[in-house]
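J.: Have a look; sequence and predicted model below, questions after that.
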Amino acid sequence: MTVFPYNQDFEGTYPEIALSDAVSGNAWAIGTAAATVDGEHSLYVSNDEGQSNAYTTSGTKNLYASFFVEFGNAAEYEFSFDWKGSGENSWDFLNVYLLDADNALPSGRITSGNDNMIFHQSAFQADWTTVDLILNEVQNTTKKIVFHWYNDVSGGTNPPAAVDNISIIEKNCATPTAPTVDNITSSSAQVSWTGDAESYQLKYKTTAEEDWTEVTTSANPYTIESLTANTNYTVEIKSICGSDLSAAATTTFKTECAVISVAETPYTTSFEDDATGSGTVPACWTKVSGSSSPYVYTSSYSNYARTGSKTLYWSYNTNPVALPEFVENVQGLQISFFARGGSYSGGGSMEVGVMTDPTDAETFTSLATITTAYSSYPEEAYVVRFNEYIGDGHYIAMRPTTSSSYYVDDVTVKEIPSCLEPTGLAVSNITSSSAQVSWT
Ligand SMILES: [Ca+2]
Ligand SMILES: [Ca+2]
Ligand SMILES: [Ca+2]
C-alpha cells in the first residue's frame, strides 16, 4: 500500500520512480539543472545525463518516468505536480497517463483522445506551474502514473519538460461529477450533477466577473435565477462533508438572448461591441443555418465601417440576417440603417423584410428595396416602416438582392412615431423671387 499523503520532491530518495532508457542521447534525469521553486532537485529531460535541462531535437523519442500507486479506499485522491518546459506545439510535449498496472506504456504522438491521458502539454510554460487533478474511481486499485516526454524528428525549443513536487492526497469528501446545465432561458438555468453528499456549495459568476455568487443547496437539480441575458457563466459545485469541502466540479453555459422591448428605449447597434470573424453574427442576431456570411467584420479600410471599426459584411451571397426578436409587433416598428456596396461592379440593392423563422431563408417577406452606392454610405439613414406588413413574423431582417459585397452599419429599431416627419421634400418652379416647396 502506498503511504498517503504521497510526496516526491526529488530532494531525498526516489526508489519508486522508474526511468526508461535513453533514446538517441535524450533521457529523463534527476538533478539540479532545472531551478526549482523550493529545494534544488527535480525530474527533467536531459541530453547530457542531467547536467542540463536540454534535448536533442532529431529522432523520435518516447521517454517515460513512472511509478506505481496502490490506492486505498478513500472516496477519491487529489494528484498534483509542478511542471514547466517548452518543446514544439503539437510535436514535442509532456503527457501524463494514469494506467492500469499491467497496461502497456503509451508511445508516439498522442495529443488527445486517449482515455488514460490525464494531462497534455498544449503550450509552452516558462515558469513552474501546478497541475491539480482529482482521481476518482481508483479505490483499492493499483495504477501506474507515467510522465511521458515525446518529441518528433526535427525542430523544437529548449528547455524540454521538468517535473517536481508530485503529490497524492486522500480525499474523503467526493467531488460531484457530470455537471450539466439544461433548460437555459434568458434569465435562468438548471444545473444538475451526480453525487451522494447531503448538501452542496454551488457558486456561479459571469466569465467577466471576479466575484462569485454562492448558495448552499440540497436540491439537485438546482435552478439559478436572475441571470443576465446572452452572457457566459461559469458554475462550480462542491460536496459539503461536515466541515470539509470537496474539490469543485466545473461547467459553463451561456444564457439565451432576451426578447427586446423598444417601447422605452430604441434598439441600436453600431456593432462595435460584437465579436468578429467569419460566421459571427452580431449578438442575438440570427443568420440562416449553415451560412458563414453575413458576419461582423473589422474594417482595415475605414470607409467600410461607417462608425468605429466594425460593420456587418456580406461576402458575395444573398443570405438574410434577422435582428433580435422584439416584444412589440413589427407592424408598429421602423428600422433605420446605413448600407453600401463594396465591389467595384456598380451599385446594388438590399431588401428589408420580416421573417417568421430567422434560420429559414424561405420565410423572408420583402417590404422594401433600397438602392446602395458602391463607394460610400449615404448622408441620411434608410428608413423602412413595417406598418403595411401582413403576417405574424416577429423578426426584422435584411438581405442583398444580388450576390456581391455589402456593408451595413448603425442600425436602429424603434416604434413608428405617432407624428411622422415629412418626406420627399422638393423645390420647383424657382424664379428670381419665388420657389414652390412640396413634401409628402
Ligand atoms: Ca524538488
Ligand atoms: Ca520537434
Ligand atoms: Ca460601426
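T.: On my side now, so go ahead. Ligands and ions are numbered 1, 2, ... in the order given.
J.: rest of the way, CA atoms for contacts and neighbours
T.: OK.
J.: how long is stretch 16-25 end to end?
T.: Using Cα to Cα, to the nearest Å, the end-to-end distance of stretch 16-25 comes out at 23 Å.
J.: is whichever strand or helix holds Thr311 up against ligand 3 anywhere?
T.: Per DSSP states H and E: Thr311 is located in strand 310-317. Yes: counting by Cα under 5 Å from the ion, ligand 3 is contacted by strand 310-317 at Lys310, Thr311.
J.: That strand: which residues count as buried?
T.: Lys310, Thr311, Leu312, Tyr313, Trp314, Ser315, Asn317 (16 or more other Cα atoms under 10 Å).
J.: What is the neighbour count of Val437?
T.: Close neighbours of Val437, defined as other Cα atoms under 10 Å, add up to 11.
J.: bridging residues for it?
T.: Beta-bridge pairing for Val437 (DSSP bridges): Val427.
J.: can I assume it is in contact with Val427?
T.: Yes: using Cα atoms under 8 Å, Val437 is in contact with Val427, at 4.5 Å.
J.: where in the stretch 101-250 of the chain is pLDDT low?
T.: For the stretch 101-250 of the chain, no stretch is flagged by pLDDT under 70.
J.: What are the boundaries of the helices in it?
T.: Counting by DSSP state H, counting those that start in this stretch, no segments of the stretch 101-250 of the chain form helices.
J.: Contacts only, for the residue of it found nearest ligand 3.
T.: Nearest to ligand 3 in the stretch 101-250 of the chain, going by Cα to the ion, is Asn230, at a distance of 20.5 Å. By Cα atoms under 8 Å, 6 or more residues apart in numbering, the residues touching Asn230 are Ser186, Lys254, Thr255, Glu256, Cys257, Ala258, Ala283, Cys284.
J.: Check Ser58 too.
T.: Asp152, Val153, Ser154, Gly155.
J.: Equivalent analysis for Val384, please.
T.: Shown in contact with Val384 (Cα under 8 Å, 6+ apart): Gln334, Ile335, Ser336, Val352, Ala368.
J.: Now stretch 155-165: buried residues?
T.: Neighbour-count burial for stretch 155-165 [16+ other Cα under 10 Å]: Gly156, Thr157, Pro159, Pro160, Ala161, Ala162, Val163, Asp164, Asn165.
J.: ignore the last one, stretch 277-291
T.: Those would be Thr280, Val281, Pro282, Ala283, Cys284, Trp285, Thr286, Lys287, Val288, for stretch 277-291 by 16+ other Cα under 10 Å.
J.: Which helix or which strand is home to the fourth one?
T.: Spelled out, it's Ala283. Per DSSP H and E: Ala283 is located in neither a helix nor a strand.
J.: Identify the residue spatially nearest to Ser42, adjacent ones excluded.
T.: Nearest non-adjacent residue to Ser42, counting by Cα to Cα, 6 or more residues apart in numbering: Asp164, 5.0 Å away.
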